[in-house]
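**Q** what's the 3D shape of this:
(2 chains)
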Amino acid sequence: MSRVLSEQEQLRRKALADLREKGIEPYPAAMFHVDTMAKDVKQNYNDEQKNFSEVVMAGRLMSRRIMGKAAFAELQDASGKIQIYINRDEICKGEDKSLYNDVFKKHLDIGDIIGIKGNAFKTQVGETSINVKELTVLTKSLKPLPIVKTDKEGKAHDAFTDPEQRYRRRYVDLIVNPQVKETFIKRTKVINSMRQFFNERGYLEVETPILQPIPGGAAARPFITHHNALNTELYLRVANELYLKRLIVGGFDGVYEFAKDFRNEGMDRTHNPEFTVLEIYVAYKDYNWMMDFTEQMLEKVAKDVVGKTNVEFQGKEINFKAPFARVPILEAIKNHTGVEVSGMNESELRETCKKLGLEVDETMGKAKLIDELFGELCEKHYVQPTFIIDYPVEMSPLCKKHRDNPELTERFELMINGKEVANAYTELNDPIDQLERFQEQLKLSEKGDDEAMFIDLDFVRALEYGMPPTSGMGIGIDRLVMFLTNNTSIQEVLFFPQMRPERKAVELSEAEKAILEILKREKSMELNTLKEQSGLSNKQWDKGIKGLTKHSLVKVNKSDEGLKVDLL
RNA sequence: GACUUGUUAGCUCAGCUGGCAGAGCACAUCCCUUUUAAGGAUGGGGUCCUGGGUUCGAACCCCAGACAAGUCACCA
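**A** All right, here's what the predicted structure looks like:
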């Protein structure tokens, strides 16, 4: 790959070579025994119990202030930054001052990783620092980092903020933006907190297939892939629901999975093609139990992650203290539109939507129309965590019919700040009903609904063996983390959000490609032979070979035997 | 998928009505032994996203494209 190095990159490569020339390996193999972290020293410097008179630390150089024979620098380890003080005569006890004058001052740069040994002290200005006695080069950094400085008021100067660069080079983002690291630590805490909640209750964490012959469990467009040995189409899962329920059939009382799901749909600030969902299924429970369970879990998660149940989100306060309000969806529609829609047939519903100014079309069934009414006109009102319950039966093909009303299902969605965060059912376990519901979906798909579910006959067969009454719940982890970290974009809570691939830097001309083709076979050739074989005109040859040399893909070497072209 | 905005030095950004490509930080050289975004002096660094067009002349105007962000549509 050909690349043009900036001046600073060239200087760093020179410094790398200079280190090796001095007998210092810039990428040493030996382990470096760190015994102290920056945060510990900064927080506990005054603690008599702690002895910081000889500490060994390692990290990345984040800034340098060199003043002749002494210098201050900042060292950043996994716990944060600490100032270090480097005095020439402290690190170079003898006559040879090159470790300070050359290695530290000339060959080291911001971004390099070093190890130090020294003692903690406070400077005259009162900054806790490490007085360095020994310095070890651990890794030379060849690319300059963005320089972010923070002033006394905590205001960042020249921050690394371009979202594209931050997502494409998340490693750089993590180095220079400490608050980004915080977000991801919280993400892991969310998952750990939930896992602990489930394990304490004896539920089993399981793994189910990502490659599925039938992508079931949700209304969504799947990714398709191909298995060579089986010579068959496989789909990346859109949900793990149907597999987890098979495990309930198999006799587990409670199973859960933190699952990556994949949906081949649009991307925006709340949708990434792959995302994480927690799904849990518990036997002998119903959706009422699951609501209690969910609100208790979320209260615990908020406490574990944020330290309290009141969470600040975009200037609003969201309270995760249980219990949450429970509102039937038809009542929500009545409350916010004044229209009583229960008992309406499809055409009455369509008329109602039109009257209320919603765009509807003929492919939309009852379920979609009600979903439209709720989604457009009601959803946004539920800022505090609220369970919306009892959805119409057509909207929920995997959910048991309501015990008091066959038009409805025992389903809830948890709304937070007007967004759906969790979805749960009293699971449908009547195999005959289930098959009929799948067949309804098939009709919808024939009508043009490209998100209608596939029929999974093996799942129906599993239900025929008998699944105990079960309640299941799914929760979007990414969205929950967004709420708990006060982020409005899903990309901020994914380490590596999906991006369009970066374009290849080098586009070769036809002449260049032709020459390169021949040279790739031979590796090294006499110039005139190569020119003849290429069959190019003098002018095209000249342009081609010059272009390739410029891209540093080939090199023309002159020797006594004549001109040779080498592949680089 | 539609619309809007953006893309200039390693980073953050100016660049007026089309007239020599700019600043701060970073970098280099020299001086400086407890500094705090931050010592002083001097200096180097550019595919102005790409390709066309208009023009005596384009970072700037026009057309097409790439990439990103925001809004909307769809979805979780």
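
**Q** How about the residue nearest the centre of chain A: what's its closest non-neighbour residue?
**A** Most central in chain A under Cα atoms, centre = their mean is residue A:494, positioned 1.8 Å from the mean C-alpha point. Using Cβ to Cβ, 6 or more residues apart in numbering and skipping the chain neighbours, the partner closest in space to residue A:494 is residue A:272 (5.8 Å). C-beta: built from backbone N, CA, C; applies to glycine.

**Q** Quick check: the gap between the residue nearest to the centre of chain A and residue A:218.
**A** In this structure, residue A:494 and residue A:218 are 20 Å apart, going by Cβ to Cβ, to the nearest Å.

**Q** Show me which residues of the stretch 401-550 of chain A sit near RNA strand B.
**A** The interface of the stretch 401-550 of chain A toward RNA strand B, taken as Cβ under 7 Å from any atom of the strand, is made up of A:419-421, A:423, A:451, A:476, A:478-479, A:488-491, A:497, A:499-500, A:503, A:505.

**Q** Residues contacting stretch A:310-322, please?
**A** By Cβ atoms under 8 Å, 6 or more residues apart in numbering, the residues outside stretch A:310-322 that reach it are A:292, A:295-296, A:298-299, A:301-302, A:309, A:383-385, A:416-417, A:483-484, A:486, A:488.

**Q** which of the residues in it are buried?
**A** Residues of stretch A:310-322 classed as buried: A:311, A:313, A:318, A:320, A:322 (neighbour count, 16 or more other Cβ atoms under 10 Å).

**Q** likewise stretch A:37-51?
**A** A:37-38, A:40-42.

**Q** Put together TSV for those, with secondary structure, distance to residue A:456 and pLDDT on each row.
**A** Written out in TSV, the entries for the buried residues of stretch A:37-51 read as follows (DSSP: H, G, I helix; E, B strand; the rest coil; distance: Cβ to Cβ, whole Å; pLDDT from 0 to 100):
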residue	secondary structure	distance to residue A:456	pLDDT
A:37	coil	51	96
A:38	helix	53	95
A:40	helix	54	95
A:41	helix	58	95
A:42	helix	56	93
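
**Q** how about those residues, which pair is most distant?
**A** Pairwise distances among the buried residues of stretch A:37-51 were taken by Cβ to Cβ; the largest, 9.3 Å, belongs to A:37 and A:42.

**Q** roughly how far apart are residue A:109 and residue A:180?
**A** Residue A:109 sits at a distance of 23 Å from residue A:180 (criterion: Cβ to Cβ).

**Q** let me redo that: residue A:388
**A** Distance from residue A:388 to residue A:180, by Cβ to Cβ: 33 Å.

**Q** related to what we said a few turns ago, put the buried members of the residues of the stretch 401-550 of chain A next to RNA strand B into a PyMOL selection.
**A** The following PyMOL line selects those of those that are buried, judged by 16+ other Cβ under 10 Å:
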select buried, chain A and resi 419+420+421+423+476+478+479+490+491+497
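
**Q** Tell me which of the residues of the stretch 401-550 of chain A next to RNA strand B fall in helices.
**A** If you go by DSSP state H, those have A:478-479 in helices.

**Q** Give me the residues contacting the helix ranked longest in chain A.
**A** Among the elements of type helix in chain A, defined by DSSP H, the one spanning the most residues is helix A:178-200. The set of residues external to helix A:178-200 that reach it, using Cβ under 8 Å, 6+ apart, is A:80, A:166, A:173-174, A:205, A:254, A:256, A:258, A:278, A:280, A:296-297, A:300-301, A:304-306, A:477, A:480-481, A:484-485, A:487, A:492-493, A:495.

**Q** any weak-confidence spans in the stretch 451-568 of chain A?
**A** For the stretch 451-568 of chain A, the stretches flagged by pLDDT under 70 are A:451, A:502-568.

**Q** Try it again at 80.
**A** Scanning the stretch 451-568 of chain A with the threshold set as pLDDT under 80 gives A:451-453, A:501-568.

**Q** Nearest to RNA strand B: which residue in it?
**A** Here the residue of the stretch 451-568 of chain A nearest RNA strand B is residue A:500; by Cβ to the nearest atom of the strand that distance is 3.0 Å.

**Q** if we can go back for a sec, buried only: go through the contacts of helix A:178-200 for me.
**A** Neighbour-count burial within the contacts of helix A:178-200 applies to A:80, A:166, A:173, A:254, A:256, A:258, A:278, A:280, A:297, A:300-301, A:304-306, A:477, A:480-481, A:484-485, A:487, A:492-493; the criterion is 16+ other Cβ under 10 Å.

**Q** Now intersect those residues with the helices, please.
**A** Secondary structure of the buried ones among the contacts of helix A:178-200 is defined by DSSP H; positions in helices are A:166, A:173, A:297, A:300-301, A:304-306, A:477, A:480-481, A:484-485.
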